[in-house]
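**Q** Pasting a predicted model and its sequence here:
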Amino acid sequence: MAEMAARRAALSGSARKGGGQGARAREGGSLWHRPAALNLIADILMLFAALGLSWAVVTWFLSRPFFPLREVVLLSPPAQVTGAQMEYVARAAIHGNFFTVDLDAVRRDFEKLPWVRRAEVRRRWPDALELRLQEHQAVAYWTASDGGETRLVNRQGEVFIAASNADLPNFSGPPGSAAYLLARYEEFSRTLAPLGRKLVGVVLSAREAWQLRLDNDMVIVLGRDQERAPLDARLARFVAAWPQAKEGIGVQVAVADLRYPSGFALTPADTLASKGKQ
């Protein structure tokens with residue numbers, strides 16, 4: 001009897017122990033029975049709610065007409081852009097107040113003006129925008145060899161569209177070659193300087209053949225670059241020989257053909273005129 005009573009007592013204690021462990025497991029696995037986790041989640045939700053409310057309040061406040069833009073301060077006086085053009089763009093592009101105005105949109109609209117290469121727009125507290133314009137500086141007229149309207153080339157060799165009646169040289173070449181023509185124009189001009197003439201036209205054909213025009217209408221045909229007779233060498237040789245050749249000819253020359261490796265050929269202007277009459 002005593003042995004059976006002891007066995008029942010042991011079984012009863014084991015059942016109570018197992019039941020206690022299961023209750024603690026159920027209690028630990030349920031989120032609602034973990035106050036610390038619930039408090040953390042509540043704090044995070046309250047933080048997000050506070051941030052959202054603050055953002056809404058700030059956005060509403062900044063969108064109110066409390067910070068109107070009253071002026072545009074021009075930091076770089078333009079040479080080509082007119083006041084009327086700037087006023088038109090400012091009225092069309094500037095929307096919102098000091099905080100809500102889209103500076104990138106304003107910059108893009110000013111850069112659409114024909115003579116504007118780049119624009120910088122910044123806020124100036126409390127009610128102004130600062131505007132700095134970088135204008136194109138035209139150095140030549142440009143005509144693509146595949147046809148099209150005449151455009152302009154700036155100092156960076158970029159082609160842009162604008163109206164001008166300035167006295168500038170004329171470039172013509174394949175699309176995308178304006179910067180290359182500008183660099184060669186400067187080299188050719190330095191080589192031709194001893195002649196006392198101004199280089200007013202540079203043509204590069206699709207086959208990479210060069211042709212130059214001086215301010216006295218004489219055309220210099222350089223042709224393509226040659227390994228045995230580079231362009232610069234042929235042009236320098238012509239410049240050195242031209243004063244003596246000019247005195248010996250005694251007539252106006254219309255075309256100087258420098259495509260020969262060891263010399264050049266000259267065509268008098270009256271020869272071309274007689275062919276034109278025929």
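**A** Good, I have the coordinates. Numbers count the residues shown, from 1 in each chain.

**Q** all contacts plus neighbour counts: C-alpha atoms, from now on.
**A** OK.

**Q** what is the mean pLDDT for stretch 93-103?
**A** What stretch 93-103 shows for mean pLDDT is 93.

**Q** nope, stretch 109-122 is what I was after
**A** On average, stretch 109-122 scores 97.

**Q** Pull up the distance across that stretch, start to finish.
**A** End-to-end distance for stretch 109-122, by C-alpha to C-alpha, to the nearest Å: 14 Å.

**Q** roughly how far out does it sit from the chain middle?
**A** Relative to the centre of its chain, stretch 109-122 is centred 11 Å away, using C-alpha atoms, centre = their mean, to the nearest Å.

**Q** Equivalent analysis for stretch 200-219, please.
**A** Between the centre of stretch 200-219 and the centre of its chain there are 30 Å (C-alpha atoms, centre = their mean).

**Q** ranges for the strands of the chain?
**A** Using DSSP state E, the strands of the chain run over 71-74, 116-124, 128-135, 138-144, 151-154, 159-160, 170-173, 199-204, 210-214, 219-223, 253-257, 265-268.

**Q** mind listing what the shortest one pairs with, with the direction of each?
**A** If you go by DSSP bridges, strand 159-160 pairs up with strand 151-154 (antiparallel).

**Q** ok, back up a step: could I get the strands of the chain as JSON lines with distance to residue 43 and mean neighbour count?
**A** Output for the strands of the chain, formatted as JSON lines (distance: least, C-alpha to C-alpha, whole Å; neighbours: other C-alpha atoms under 10 Å):
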{"stretch": "strand 71-74", "distance to residue 43": "46", "mean neighbour count": "15"}
{"stretch": "strand 116-124", "distance to residue 43": "38", "mean neighbour count": "17"}
{"stretch": "strand 128-135", "distance to residue 43": "42", "mean neighbour count": "19"}
{"stretch": "strand 138-144", "distance to residue 43": "64", "mean neighbour count": "22"}
{"stretch": "strand 151-154", "distance to residue 43": "61", "mean neighbour count": "22"}
{"stretch": "strand 159-160", "distance to residue 43": "59", "mean neighbour count": "21"}
{"stretch": "strand 170-173", "distance to residue 43": "70", "mean neighbour count": "23"}
{"stretch": "strand 199-204", "distance to residue 43": "73", "mean neighbour count": "22"}
{"stretch": "strand 210-214", "distance to residue 43": "77", "mean neighbour count": "20"}
{"stretch": "strand 219-223", "distance to residue 43": "81", "mean neighbour count": "20"}
{"stretch": "strand 253-257", "distance to residue 43": "88", "mean neighbour count": "19"}
{"stretch": "strand 265-268", "distance to residue 43": "93", "mean neighbour count": "15"}
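
**Q** Quick check: which ranges of the stretch 151-278 of the chain have low pLDDT?
**A** The stretch 151-278 of the chain contains residues with pLDDT under 70 at 271-278.

**Q** And the helices in the protein?
**A** Taking DSSP state H as the criterion, the chain contains helices spanning 2-29, 35-62, 83-93, 103-111, 178-192, 231-249, 269-277.

**Q** I'd like the strands of the chain laid out as JSON lines, including distance to residue 244.
**A** As requested, the strands of the chain are arranged in JSON lines below (distance: least, C-alpha to C-alpha, whole Å):
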{"stretch": "strand 71-74", "distance to residue 244": "56"}
{"stretch": "strand 116-124", "distance to residue 244": "47"}
{"stretch": "strand 128-135", "distance to residue 244": "45"}
{"stretch": "strand 138-144", "distance to residue 244": "32"}
{"stretch": "strand 151-154", "distance to residue 244": "36"}
{"stretch": "strand 159-160", "distance to residue 244": "40"}
{"stretch": "strand 170-173", "distance to residue 244": "29"}
{"stretch": "strand 199-204", "distance to residue 244": "21"}
{"stretch": "strand 210-214", "distance to residue 244": "18"}
{"stretch": "strand 219-223", "distance to residue 244": "17"}
{"stretch": "strand 253-257", "distance to residue 244": "13"}
{"stretch": "strand 265-268", "distance to residue 244": "13"}
